[in-house]
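J.: Quick one, structure for this:
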Amino acid sequence: MNEKLYTLRIRQKYPLDMLEYFSDLRIKQWYDFWEGQVYVAFSGGKDSTVLLHKVRRLFPDVPAVFSDTGLEYPEIRAFVKTIDNVVWMRPKMNFKQVLDKYGFPILSKEISMGFDRYRNTKDPVQKDLRINGGINPTSGRKQQRSIPVKWQYLLDSGFMFSERCCDVLKKEPFKRYEKESKRRPYVGTMVVESQARKKAYAKSGCNSFTDKGQSKPISFWTEAHIWEYIRKHDLPYSEIYDMGETRTGCMFCMFGVQMESKPNRFDRMAVTHPKEYNACMEKYGMRPVLELIEAGSAPAQATMPFM
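T.: The predicted structure is shown next:
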């Protein structure tokens, strides 16, 4: 097992006080390395709220940066407005423009990328690799299919799919801020959230001191640690969590919706945020796409009301 992943498994069992100690070391290390030219990437969610609190306990003047995609829950936006010293950045394109140019974000970043690359390559060999896998003649290495057989029926749907939404609406504003300010980011991601983040941690740990590197000082925390910290410090957080939501990214994102039982995030949105739900289904044309996904995933039906 990778040494960093072995250490990770041990640290995730530590009590909160010890995790705070190790996170503080990484926060200080990052701050000192960049001579204080740092910032906190702040989404308004619970994880980045905890991270911002930890950073500012050590360095009170560090700015937070919020990427205002226009797709956040109203409760998230309202909470961000209560925080001091937050820089609001906005993307150069809106969601509708992204959908029209690149397509819908569905299933997962990896699968959406597969659909996007399949659509945009003219090489029949590369197209075949996306759906069947095989030896890539360019690299000489075996390549797994990037569009699972289960979802290949969507190739004939007439819709465009892509993972580029996150790059355009979220990542680009942060990159622009970094270029303008010369500051380097603290990011509140944790490895328990995805295999991709676990692999990144195995490669570089919490602090990656490269031109495009980031500090992720709470990488080894779990969600239970986050809530324990919030209770311990009586930390304010967005009320969206008290409304039953556990993920607070872009409201209209379809990544992972196929794995949710009914009522899923969009069913709940219809009740709690009908205005945003109607925009999602009608203005952005997501209803037929969701119906196609549900036809292939057949999520379990709810047995109890959710409101």
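J.: ok, residues contacting stretch 34-43?
T.: The set of residues that contact stretch 34-43 without belonging to it, under CB atoms under 8 Å, 6 or more residues apart in numbering, is 30-31, 48-49, 51-52, 55, 59, 62-67, 72, 76, 80, 83, 86-87, 174, 177, 181-188, 215, 248-249. For glycine as for every other residue, the C-beta is placed from the backbone atoms N, C-alpha and C.
J.: just the helices in the stretch 101-250 of the chain please.
T.: In chain order, the stretch 101-250 of the chain shows helices spanning 109-120, 124-132, 164-166, 172-181, 195-204, 223-232, with DSSP state H, counting those that start in this stretch as the criterion.
J.: For the last one, name the packing helices and strands.
T.: Under the contact definition 3 or more CB pairs under 8 Å, 6 or more residues apart in numbering; DSSP states H and E, helix 223-232 sits against helix 16-33, helix 46-58.
J.: Need the ones you listed in CSV (columns: mean pLDDT and distance to residue 122).
T.: Converted to CSV, the helices and strands packed on helix 223-232 look like this (pLDDT from 0 to 100; distance: least, CB to CB, whole Å):
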stretch, mean pLDDT, distance to residue 122
helix 16-33, 95, 44
helix 46-58, 97, 41
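J.: any idea which of these is most buried?
T.: Per-stretch averages of neighbours, counted by mean count of other CB atoms under 10 Å, single out helix 46-58 among these, with a mean of 21.
J.: For the stretch 101-250 of the chain, give me the ranges with low pLDDT.
T.: By pLDDT under 70, the weakly predicted segments of the stretch 101-250 of the chain are 192-204.
J.: just to revisit the earlier point, in a markdown table: the helices of the stretch 101-250 of the chain, plus distance to residue 241.
T.: As requested, the helices of the stretch 101-250 of the chain are exported to a markdown table (distance: least, CB to CB, whole Å):
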| stretch | distance to residue 241 |
| --- | --- |
| helix 109-120 | 24 |
| helix 124-132 | 38 |
| helix 164-166 | 22 |
| helix 172-181 | 24 |
| helix 195-204 | 21 |
| helix 223-232 | 9 |
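J.: of all those, which lies closest to residue 262?
T.: Nearest of the helices of the stretch 101-250 of the chain to residue 262, taken as CB to CB: helix 109-120 at 21.4 Å.
J.: For the closest one, which outside residues touch it?
T.: For helix 109-120, the surrounding residues in contact (CB under 8 Å, 6+ apart) are 102-106, 126-127, 130-131, 145-148, 151, 154-155, 160-164, 166, 196, 255.
J.: ChimeraX command to pick out the buried ones of those?
T.: In ChimeraX, this line selects whichever of these come out buried by 16 or more other CB atoms under 10 Å:
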select :102,103,104,105,106,126,127,130,131,146,147,151,154,155,160,161,162,163,164,166,255
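J.: quick one: the strands in the stretch 151-300 of the chain?
T.: 184-186, 254-255 (DSSP state E, counting those that start in this stretch).
J.: Direction included, what does the shortest one pair against?
T.: It stands for strand 254-255. Strands flanking strand 254-255 in the sheet, each with its direction: strand 106-107 (parallel) (DSSP bridges).
J.: Now do the partner strand: distance to the chain's middle.
T.: Here strand 106-107 is found 13 Å from its chain centre; the criterion is CA atoms, centre = their mean, to the nearest Å.
J.: Over to stretch 240-253?
T.: When distances are taken as CA atoms, centre = their mean, stretch 240-253 is centred 12 Å away from the chain's centroid.
J.: how about the CA coordinates for that stretch, as PDB?
T.: In PDB, the C-alpha atoms belonging to stretch 240-253 read as follows (Å, rounded to 0.1, in the frame of the first residue of the first chain):
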ATOM      1  CA  ILE A 240     -29.400  24.200   3.600                       C
ATOM      2  CA  TYR A 241     -28.100  21.300   5.700                       C
ATOM      3  CA  ASP A 242     -30.900  21.600   8.100                       C
ATOM      4  CA  MET A 243     -33.300  21.300   5.100                       C
ATOM      5  CA  GLY A 244     -32.000  17.800   4.500                       C
ATOM      6  CA  GLU A 245     -29.400  18.400   1.800                       C
ATOM      7  CA  THR A 246     -26.000  16.700   2.300                       C
ATOM      8  CA  ARG A 247     -24.300  18.000  -0.900                       C
ATOM      9  CA  THR A 248     -24.300  21.700  -1.600                       C
ATOM     10  CA  GLY A 249     -22.500  22.000  -5.000                       C
ATOM     11  CA  CYS A 250     -24.200  23.300  -8.100                       C
ATOM     12  CA  MET A 251     -28.000  22.800  -7.800                       C
ATOM     13  CA  PHE A 252     -28.300  21.600 -11.400                       C
ATOM     14  CA  CYS A 253     -25.400  19.100 -11.500                       C
END
